[in-house]
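Student: compute the structure for the input listed below.
(2 chains)
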There are 2 protein chains.
Amino acid sequence: MAIQPLRGMRDFLPGQMIRRQYLMDLIRAVFEDYGFSPMETPAMESMELLGRKGVGGEDVDNEIYTFRDKGDRRVGLRFDLTVPMARVVAANPQLKKPFKRYQISRVWRYDRPQAGRFREFWQADADIVGTKSMDAEAECLAVAVSVMKQLGFRKFRIRLNNRKILNGMVELLNVKKEKSLQVFRALDKLDKIGKKGVREELKGLLKAKEMDRMMEFIERRGKPKSVMSRGLDVFTTTVGDQGREELMGIVEKAKVYGIDKFIEIDFSLVRGLDYYTGPIFEMSIESGNLGSVAGGGRYDNLIEMYGGRWTPATGFSFGIERIFEIMESEGMFTQPGTKTDFFVVSVDDDCREEAIRVAEQMRAAYMNVETDLMGRDMKRQLEYASKSGIPFVVIVGEKEIKSKRFGFKDMRSGRQASMRIEQITKHFGEIPQKK
Amino acid sequence: MAIQPLRGMRDFLPGQMIRRQYLMDLIRAVFEDYGFSPMETPAMESMELLGRKGVGGEDVDNEIYTFRDKGDRRVGLRFDLTVPMARVVAANPQLKKPFKRYQISRVWRYDRPQAGRFREFWQADADIVGTKSMDAEAECLAVAVSVMKQLGFRKFRIRLNNRKILNGMVELLNVKKEKSLQVFRALDKLDKIGKKGVREELKGLLKAKEMDRMMEFIERRGKPKSVMSRGLDVFTTTVGDQGREELMGIVEKAKVYGIDKFIEIDFSLVRGLDYYTGPIFEMSIESGNLGSVAGGGRYDNLIEMYGGRWTPATGFSFGIERIFEIMESEGMFTQPGTKTDFFVVSVDDDCREEAIRVAEQMRAAYMNVETDLMGRDMKRQLEYASKSGIPFVVIVGEKEIKSKRFGFKDMRSGRQASMRIEQITKHFGEIPQKK
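Tutor: Now for the predicted structure:
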C-alpha cells in the first residue's frame, strides 16, 4: 500500500503549513490593502476552455491533467488562474469595472517533476479588469513590491518590457505579423537554449543580418531613462513608440509609489504566453540565479477570446512555491512550529476539570490553548508542551485553584509568575478584527 | 464556447466569496483556539488508496472522479479529507501525539448535482490522533459548539451515539458480526427510505420479531440521563456497556465545557462510513429540516488499515456548503460586498499623484484602499465608490493638499469631516497580529 503522495505532489505537515499559511495570508492582506477582492473558481474546467488554441501557447493537452469524466465530457484540471478568471468575466458582464480580483489557489500541470517543480502547486494572482490605463500596471507593480518588502525581501528587481516594443522590433525585422509569435517563443527560451539555440530556431524566419540586429536589440537593458531615451529604430514604428509611451507612463507612476528604483527595462523579456498584448514584467530576487518569483502583463484580448465583450485587462501572479523555497533556504520565516501559544497543565487528575475551565476562559479571549487529552501526568504534559514548541504554560493545581492565581511559565526564558486568569487574558488575549 | 462552470461546480464571485472566507476564517480561528494546526494534502490520490474496500462503505469508484493519468496510474480526486489524513499519519510515525490537525479544503464527488449538492465542495475537518480518551471526543464537541455560537447560531443540537452500542444491539439480535455493517447501512437510510424500507432491506437478515425489537431500540432518544439510565438489554452486552461508559464519559466532560445542554442520545444515528469504531455524532440546526451541518466519530482502526501503526483517532467535519446556505437564507452574514474600506478620490487630474500618496500612507497602516484607475472625474469616482459599497471616501483636491487636511466622508451616514491623514490612520488603521 503506497502511503506517499503521488509523484510531484506533496503533503504539507503543520510545521511547513504554518509557514505557507503565513506567506499566503500576507499576500492576501496586501492584495486587500490595494482593494482587490477574493474570487474562487472550480479546480476543473472543460477542455474546450483549457485547450483553446492561441491562448496558452504550446500544446496544452500534453502539459496538463486531462481526462473524460463519467458523462464523457473532456475536462481538465486548471493549469493557471488567469484562464478561469477570463471565463468568469466573460460570463458575468454585470461585474463593475475596474474588476479587481485576487485568487490564491492551487493549479496542476503534468510536468516532469524536478527540483522546485511540482505537479500540484499554488499561485497567487491579482488582476485588474476593465481599464486601459497604465495606472493599473503601476498599481500591480506597487502591490508586488509591497508583498516582497513585507515578506522581508530587500534586494529584488522588476524587469519590464512591452509586447508592443517587441512587435515594433518584429516589424523592423520584416517578419510577418502572424509569424511574430514564433519569434517570441524562440526568444522566450533564450535562458534555456542560449543565443545559438535561438538562432537555430529562427533560421527559416530571419536572415543572418536580421538575426544580428535582433540579438543586439534584445541585449538592451538597464534603467528606463538610459535604455529608452536613445533614439532607437524600434521607436520609429508606430507600435514600438506606443509601447515606449506606455512604459514611460508606468515608470512615471512608479515614481509616485516610490518603487521606480526596482524597475529596469529588459527588451529580451518575452514571457511565454501568447495572450499578452502590452506591458509585461517579471520580478526576481537579485542574489543568486533564483529565477522569477512573480510575473504578469496586459492581455487586452483574452476575455473576448473566451466569448466576452472586449475588455482590457492586466495582472500578475506570484509563484508561491518559489518564494517559499527561497524564504526557507534564507531562513526568513520566524513562525513557530505550532499555532498553539498556551498549554494548561493539570497538576493531578483532580484538577483536570478546572484546567479545561481555565483553557475555555482563555479561548473566550481568542487565545490558542491546549489541554491534556492523553491522561498524562504533570511531568509528561510539560514535556509535550516543550517538545511541541508551545511557548507558554499555565499550571492548574489544588493550591492554584484555591488562590485563583495560576502558575504562568514562559517556556523559552524559564521565567515564572503567579497570575489571575484575567491578567493572562488581558495581556495575551485579542479582540478579533471583525470586518 | 461554454463560459459557465462545469455542471455541479461553481464560481464564487467576490460578494459571495467574502462571506465564504469569513465563514472559513472563523472556523480556522476556532480550530486554532483549541490547538489544532493546519495541514494540507494533494487534491489527487492513487485509487489504491481511495478505492480501498471496507473503508468508504459503498462502491467508491462510481461516486468519485477517477481516471488514468498519463503514466497510466489509476488516480482520483479525494472525496473527503479523512482518508488522506490517515495516509499522512501512516506515512509519518514521527508525528507527536496527540496529533491535532485541521484542514479546510475542497473535495470532489461525482454525484448527481441537485439543490445543495455539488460536485466540488468544501469541508472543514478537525481530528485528534493518538488518544483513546473520551476527552478528545468532548473537545471535538466543544470545538463544534464554539464554531456554531461564534457564527451566531443559537438553536442547534448534537445527536450522539456509539457504534459499540449498535454492536451490542446487533449482538442481541443474533446477527453475525460480519453482517453488522449491512444492518448499519440499512439503518443509515432510515430518513430516506423509512422504516418500511429498512425492513425490506434487512428481510433476509432479521426475523420479524427481531426487526420489531430493533425498531423499538433505535427509537430511543433524548437527554443522556433519561435514555441511558434505563436498564436496557443492550447494556448487558460487554460491548454495549463499554459504549455506554464512553458516552457517559463524554457527557461528563461536556458539562465542564458547558455544552451538555446541546447533547441528546439518539440510538438511530449510524453515520454511513464503515470505519467508525466508537462514539459518533451529528450536529444539526433545530429549526426546519435542514439536515446535519457537522458530524464525526472515532475511527481507531483506520490508520492501521492504511499501513500505519494502530493509532486511535477521532474527529469531525463541518460541511461548509450547508452552513453557508443556512446562513445566507437566514440573513446571518453582515459582511459588505467588498473588502475595500476606503476610496481616495482625486478632485481633478492634477491631484492624482497626491491621491496615490495618500492611499499609500493609509495602506502602510494596513487599511484597504482603492484609488481611481479609470481616469474618471470626481463625480464618477464617487459613484463607483458608492455602487461598490465602499463605506468611506477621502477627498484629495488642491485645497486639501495645501492645508494637509483631507475631506473624509462616511458614505452610509453622509457625514463629512476634514482630517489629517495621520488622524485617519490612527482611527482606522490596524497593527496586524503577527503570530
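
Student: how about the nearest residue to A:Met9, chain neighbours excluded?
Tutor: The shortest distance from A:Met9 to any non-neighbouring residue, by Cβ to Cβ, 6 or more residues apart in numbering or on different chains, is to B:Pro42 (3.7 Å). No exception for glycine: its C-beta is placed from N, CA and C like everyone else's.

Student: in contact with the one you found, which residues are there?
Tutor: A:Pro5, A:Leu6, A:Met9, A:Arg10, A:Asp11, A:Glu120, B:Arg78, B:Pro84 (Cβ atoms under 8 Å, 6 or more residues apart in numbering or on different chains).

Student: and which of the residues you listed is nearest A:Ala142?
Tutor: Set against A:Ala142, the nearest of the contacts of B:Pro42 by Cβ to Cβ is A:Glu120 (30.3 Å).

Student: show the pLDDT at the residue nearest to the closest one when sequence neighbours are not counted.
Tutor: Among residues not flanking A:Glu120 along the chain, A:Met9 sits closest, at 4.7 Å (Cβ to Cβ, 6+ apart). With respect to pLDDT, A:Met9 scores 96.

Student: wasn't A:Met9 part of a helix?
Tutor: No. Looking at A:Met9 with DSSP: H, G, I helix; E, B strand; the rest coil, it is coil, so not inside a helix.

Student: count of neighbours near it?
Tutor: Counted with other Cβ atoms under 10 Å in any protein chain shown, residues neighbouring A:Met9 total 19.

Student: isn't it up against A:Arg117?
Tutor: No. A:Met9 is not in contact with A:Arg117 according to Cβ atoms under 8 Å; the separation is 11.7 Å.

Student: quick one: low-confidence ranges for chain A?
Tutor: Confidence mapping of chain A against pLDDT under 70 gives the ranges A:1, A:53-59, A:230, A:288-289, A:431-435.

Student: what does the domain assignment say about it?
Tutor: A:14-329, A:342-428 (automatic domain parsing).

Student: A:Arg20: what's it in contact with?
Tutor: Taking Cβ under 8 Å, 6+ apart as the test, what A:Arg20 contacts is A:Phe12, A:Trp122, A:Ile320, A:Phe324, B:Glu40.

Student: ok, 10 Å please
Tutor: Neighbour list for A:Arg20: A:Phe12, A:Trp122, A:Ile320, A:Glu321, A:Phe324, A:Phe333, A:Gln335, B:Pro38, B:Glu40 [criterion: Cβ atoms under 10 Å, 6 or more residues apart in numbering or on different chains].

Student: where does A:Lys255 sit, in terms of helix or strand?
Tutor: Assigned by DSSP states H and E, A:Lys255 falls within helix A:238-257.

Student: show me what counts as buried in that helix.
Tutor: A:239-244, A:246-247, A:249-251, A:253-254, A:256-257 (16 or more other Cβ atoms under 10 Å in any protein chain shown).

Student: repeat that for stretch A:358-371.
Tutor: Neighbour-count burial for stretch A:358-371, counted by 16+ other Cβ under 10 Å, picks out A:358-363, A:365-371.

Student: go on, stretch A:222-241?
Tutor: Of the residues in stretch A:222-241, those buried (16+ other Cβ under 10 Å) are A:Pro224, A:Val227, A:Met228, A:Leu232, A:Val234, A:Phe235, A:Thr237, A:Val239, A:Gly240, A:Asp241.

Student: from the residues you listed, which is closest to B:Glu286?
Tutor: A:Pro224 (64.9 Å).

Student: wait, isn't that closest one in contact with A:Glu246?
Tutor: No. With contact defined as Cβ atoms under 10 Å, A:Pro224 does not reach A:Glu246; the gap is 11.8 Å.

Student: B:Lys207: which of the domains of chain A is closest?
Tutor: Here domain A:14-329 is closest among those (Cβ to Cβ), at 40.2 Å.

Student: now do the same end-to-end measure for that closest one.
Tutor: In domain A:14-329, first residue to last residue: 18 Å (Cα to Cα, to the nearest Å).

Student: show me the contacts of A:Arg20 that map onto helices.
Tutor: Among these, DSSP state H puts A:Ile320, A:Glu321, A:Phe324 in helices.

Student: what is the burial count for the first one?
Tutor: If you count neighbours by other Cβ under 10 Å, A:Ile320 ends up with 20.

Student: which other helices and strands does the one helix or strand A:Ala86 maps to contact?
Tutor: Taking DSSP H and E as the criterion, A:Ala86 maps to helix A:82-91. If you count contacts as 3 or more Cβ pairs under 10 Å, 6 or more residues apart in numbering or on different chains; DSSP states H and E, helix A:82-91 packs onto strand A:44-46, helix A:47-50, strand A:99-108, strand A:120-129, helix A:302-305, strand A:313-319.

Student: distance of the one residue in the stretch 151-300 of chain A that gets nearest to chain B from B:Thr371?
Tutor: The nearest approach of the stretch 151-300 of chain A to chain B comes at A:Val256, 4.7 Å away (Cβ to the nearest Cβ). Distance, A:Val256 to B:Thr371, by Cβ to Cβ, to the nearest Å: 10 Å.

Student: who touches both of these two?
Tutor: A:Asp135, B:Arg352, B:Ala355, B:Ile356, B:Arg357, B:Glu360.

Student: what about the residues you listed, which are in strands?
Tutor: Among those, no residue falls in strands (DSSP state E).

Student: now A:Gly337: how far from A:Ser388?
Tutor: Applying Cβ to Cβ to A:Gly337 and A:Ser388 gives a distance of 7 Å.

Student: higher neighbour count, those two?
Tutor: More crowded of A:Gly337 and A:Ser388, by other Cβ under 10 Å: A:Ser388, with 21 against 17.

Student: give the contact list for that one.
Tutor: Counted by Cβ under 10 Å, 6+ apart, A:Ser388 has contacts A:14, A:336-338, A:340, A:343, A:370, A:411, B:35, B:37, B:96, B:98, B:100.

Student: got a list of what the residue positioned nearest the centre of chain A touches?
Tutor: The centroid of chain A falls nearest to A:Phe318 when counting by Cα atoms, centre = their mean (2.6 Å). Listed by Cβ under 10 Å, 6+ apart, the contact set of A:Phe318 reads A:23-24, A:27, A:31, A:104, A:122-126, A:143-144, A:147-148, A:151, A:283, A:292-296.

Student: same question for A:Lys179.
Tutor: By Cβ under 10 Å, 6+ apart, the neighbours of A:Lys179 are A:Val170, A:Leu173, A:Leu202, A:Gly204, A:Leu205, A:Leu206.

Student: kindly report the same for A:Asp188.
Tutor: The neighbours of A:Asp188, taking Cβ under 10 Å, 6+ apart as the test, are A:Gly57, A:Val198, A:Ser268, A:Leu269, A:Val270, A:Arg271, A:Gly272, A:Leu273.

Student: dump those residues to JSON lines, plus secondary structure and neighbour count.
Tutor: Below are the contacts of A:Asp188 laid out as JSON lines (DSSP: H, G, I helix; E, B strand; the rest coil; neighbours: other Cβ atoms under 10 Å in any protein chain shown):
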{"residue": "A:Gly57", "secondary structure": "coil", "neighbour count": "17"}
{"residue": "A:Val198", "secondary structure": "helix", "neighbour count": "24"}
{"residue": "A:Ser268", "secondary structure": "coil", "neighbour count": "19"}
{"residue": "A:Leu269", "secondary structure": "coil", "neighbour count": "24"}
{"residue": "A:Val270", "secondary structure": "coil", "neighbour count": "22"}
{"residue": "A:Arg271", "secondary structure": "coil", "neighbour count": "20"}
{"residue": "A:Gly272", "secondary structure": "coil", "neighbour count": "14"}
{"residue": "A:Leu273", "secondary structure": "coil", "neighbour count": "21"}
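
Student: measure stretch A:71-79 end to end?
Tutor: So stretch A:71-79: terminal residues 22 Å apart, Cα to Cα.
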